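Participant: Here is my input, please return the structure:
(one chain, ligands or ions: 1)
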Amino acid sequence: MTDRFYITTPIYYPNAEPHLGHVYTTLAADAVARYHRLCGRETFFLTGVDEHGIKMVKTAAAAGLEPRELADRTVPVFSSLWKELDITNDDFLRTSEPRHKAAVSQIVSKLLDNGDIYLGAYEGWYDEGQEEFVTETEARHQEFKGAISGKPLQRYREESYFFRLGKYVPRIIEHIKSHPEFVQPESRRNEVLSKLAAGAEDLSISRATLKWGIPMPNDPKHVVYVWIDALCNYITALGYGSADDSRFKKFWPADVHLMGKEILWFHSVYWPAILMALGLELPRKVFAHGWWTSGGRKMSKTLGNYIDLAKIRGVIALHGLDALRFYLLRAAPFGSDLDWTDADVEKSFIELADVVGNCLNRVVKMLHRYRDGVLPQVSSSAEGIDRQLLDQTAALPALLEQAYRNLDLQQAALLPLELARATNGYLEATAPFQLAKDPKQAGRVDEILSRSAAAMYAALLGLLPILPVKAADGLHQLSATGDNLPLSQRFTAPPPAGTRVGQGQALFPKLPPATKPGPA
Ligand code: MSP
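Facilitator: Residues are numbered from 1 along each chain as shown. Take a look at the predicted model:
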């Protein structure tokens, strides 16, 4: 394990405004980046936009714009949305930037010099929605329509440069087999391996009929295939191929490339092949999450069946940004498809309020009511139900580390929530509010209050990557210090006896009925 961490999202097509799908990947990557930063690891989190390709050209033309004009209109919507959602990306790469174009040109030159690129002719099918070449068998299987968009596949017949993908396939198979953590989740890994077993043809990597893209350095009437251009962002953003490649040296290989499952093939086959051809290390993990679906189909701009920004902003206005983050990660095991329902959004907000907010509030209020707001001293060793709570508290850091390492982000959200739930159960079972009436039980009340405060402290620490504002607010209520210490140290140092806690304020205030959206 290294003390640095590099995570990326896909770079999105700025052919339309972002929607829930883009927000999902970006917020998930943000939670992971926040976790590793909190652990004290030097973290680099990259996102950006993929501006070239036929899809941009066609969308722009339909709007009477040049592709560059369309990008210039839409890219700021992405970058400002990430600010609005408090995304902690360290860079935002546009593929139209000179730093990227120059480095891609260099990369392609290197592949040309190595003899990994040759001139040929492509004849076959192309899915313009996915910017993807489709084999004859796949095309027939899909009835000559885009697998996601349902729009007719295009027949391309043109001169093209090819990358010797086939040469690298045996090494890629070997790498995926010998590094089980490389392509995840497991079911997707198996899909990639079985598709690879059928072999992969050399890849057409230039377009002679397109002007919008990065020119082939040896033959500028061709532009580089948009996917080759785009995948390279993961190293060009770090300065690979530029005068200052210190960031590249520090952060490559990436720890995680995160994406939706429809683009796993590009990341687990094309990208490793290019890296092998460049003599570079492969990323440590390529993880494909599931789709937000609607009516069983992937939410997409093309189908128009998506949750848009207005809807997302509505949820934030109602429940807060942290509650949205929690809902998205909690909704299903990370990797599975999911369906948005307003009722589930509401349910997960109530869960936060009833479990985390309520338990913290009970602990802080009881400390004020029975101990003048000061954490009591406890010297007895824990047994029985106290031991269970202590053990669950002590187990959290390692389980959380495992969940974040495996990108089990639903667990990352649920583990601390379950600790708060257990603390609530502990309070119910031990009933300090009854014991407090009996002066002879003062020592027991001290134990219960101290142990439940320590458990809530750990639960809130564990929630920090997902609820950065609310969990910090809760920790503040417990007068926790040590914000600058790595998480592992903070876990072992709950506020000591004698600490005066703050006032208990509801972390997730429920809305007065009048402000709730009523039935239409
Ligand atoms: N430009 C390429 C990626 C190049 S990366 C080198 C691209 N862009 S995209 O705008 O289509 O974004 C695709 C990504 O957006 C998905 O991989 C996923 O991260 C996210 N999502 C878009 N729709 C989604 C859903 N309906 N559900 C979940 N995530 C989805 O592909």
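Participant: so what's residue 32 closest to, chain neighbours aside?
Facilitator: Ranked by Cβ to Cβ, 6 or more residues apart in numbering and with sequence neighbours excluded, the top spatial neighbour of residue 32 is residue 7, at 5.6 Å. Using the backbone N, CA and C atoms, a C-beta is placed for each residue, glycine as well.
Participant: Report the buried residues of the strand or helix carrying residue 459.
Facilitator: Here residue 459, judged by DSSP states H and E, is contained in helix 442-463. For helix 442-463, the buried set under the neighbour-count rule, 16 or more other Cβ atoms under 10 Å, comprises 444-463.
Participant: How about the residues of the chain by the ligand?
Facilitator: Residues of the chain lying near the ligand by Cβ under 6 Å from any ligand atom: 10-13, 21-22, 24-25, 50, 230-231, 233, 259-260, 263, 291-292, 298-300.
Participant: Narrow those residues to those that are buried.
Facilitator: 10-13, 21-22, 24-25, 50, 230-231, 233, 259-260, 263, 291-292, 298-300.
Participant: which ones among the residues you listed are found in strands?
Facilitator: Among those, the members found in strands (DSSP state E) are 10, 11, 12, 259, 260, 292, 298.
Participant: wait, what's in contact with the third one?
Facilitator: Spelled out, it's residue 12. 18, 22, 47, 48, 49, 50, 78 (Cβ atoms under 8 Å, 6 or more residues apart in numbering).
Participant: Those, buried ones only, as a PyMOL selection?
Facilitator: Applying 16+ other Cβ under 10 Å to those, the buried members can be selected in PyMOL as follows:
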select buried, resi 18+22+47+48+49+50+78
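Participant: residues in contact with stretch 418-426?
Facilitator: 355-356, 358-360, 362-363, 385-386, 388-389, 392-393, 396, 448, 451-452, 455-456, 458-459, 462.
Participant: I'd like the average pLDDT over the helix holding residue 459.
Facilitator: For helix 442-463, mean pLDDT is 98.
Participant: In three-state terms, label residue 86 for me.
Facilitator: At residue 86 the chain is in coil, as set by DSSP: H, G, I helix; E, B strand; the rest coil.
Participant: Please report how far it lies from residue 324.
Facilitator: 11 Å (Cβ to Cβ, to the nearest Å).
Participant: neighbour-wise, which of the two wins?
Facilitator: Ranked by neighbour count (other Cβ atoms under 10 Å), residue 86 and residue 324 place residue 324 first, with 21 against 14.
Participant: what's near enough to touch the more buried one?
Facilitator: 27, 312, 315, 316, 345.
Participant: give me the element the first one is part of.
Facilitator: Under DSSP H and E, the secondary-structure element containing residue 27 is helix 20-38.
Participant: what do you get for the third one?
Facilitator: Counting by DSSP H and E, the secondary-structure element that holds residue 315 is helix 309-319.
Participant: Pull the distance from that helix to the chain's centre.
Facilitator: Put simply, helix 309-319 sits 20 Å off its chain's centre (Cα atoms, centre = their mean, to the nearest Å).
Participant: Can I get that helix in CSV, CA atoms only?
Facilitator: The C-alpha trace of helix 309-319 is given here as CSV (Å, rounded to 0.1, in the frame of the first residue of the first chain):
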residue,chain,number,x,y,z
LEU,A,309,-30.1,18.7,-13.0
ALA,A,310,-33.4,20.5,-12.0
LYS,A,311,-34.6,17.3,-10.3
ILE,A,312,-31.2,16.8,-8.6
ARG,A,313,-31.2,20.4,-7.4
GLY,A,314,-34.7,19.9,-6.1
VAL,A,315,-33.6,17.0,-3.9
ILE,A,316,-30.6,19.0,-2.6
ALA,A,317,-32.9,21.9,-1.8
LEU,A,318,-35.2,19.6,0.1
HIS,A,319,-32.8,17.3,1.9
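Participant: Check which helices and strands that helix is in contact with.
Facilitator: helix 20-38, helix 321-330, helix 342-351 (3 or more Cβ pairs under 8 Å, 6 or more residues apart in numbering; DSSP states H and E).
Participant: Kindly reformat those helices as JSON lines containing mean pLDDT.
Facilitator: Output for the helices and strands packed on helix 309-319, formatted as JSON lines (pLDDT from 0 to 100):
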{"stretch": "helix 20-38", "mean pLDDT": "98"}
{"stretch": "helix 321-330", "mean pLDDT": "98"}
{"stretch": "helix 342-351", "mean pLDDT": "95"}
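Participant: out of those, which comes closest to residue 197?
Facilitator: helix 20-38 (28.5 Å; Cβ to Cβ).
Participant: Next, give phi and psi for the closest residue to residue 34 other than its chain neighbours.
Facilitator: Leaving aside its chain neighbours, residue 34 sits nearest to residue 465 (4.0 Å; criterion: Cβ to Cβ, 6+ apart). With angles defined as degrees, to the nearest 10, residue 465 sits at phi -70, psi -30.
Participant: least trustworthy position among the ones in strands among the buried ones among the residues of the chain next to the ligand, going by pLDDT?
Facilitator: Among those, residue 298 has the lowest pLDDT, at 89.
Participant: What are the neighbouring residues in contact with the spatially closest residue to that residue that is not a sequence neighbour?
Facilitator: Excluding the flanking residues, the one nearest residue 298 by Cβ to Cβ, 6+ apart is residue 291, at 4.4 Å. Contact analysis of residue 291 by Cβ under 8 Å, 6+ apart lists 21, 260, 261, 262, 298, 299, 337, 338.
Participant: What's the per-residue pLDDT of the last one here?
Facilitator: Translated: residue 338. At residue 338, the model reports a pLDDT of 95.
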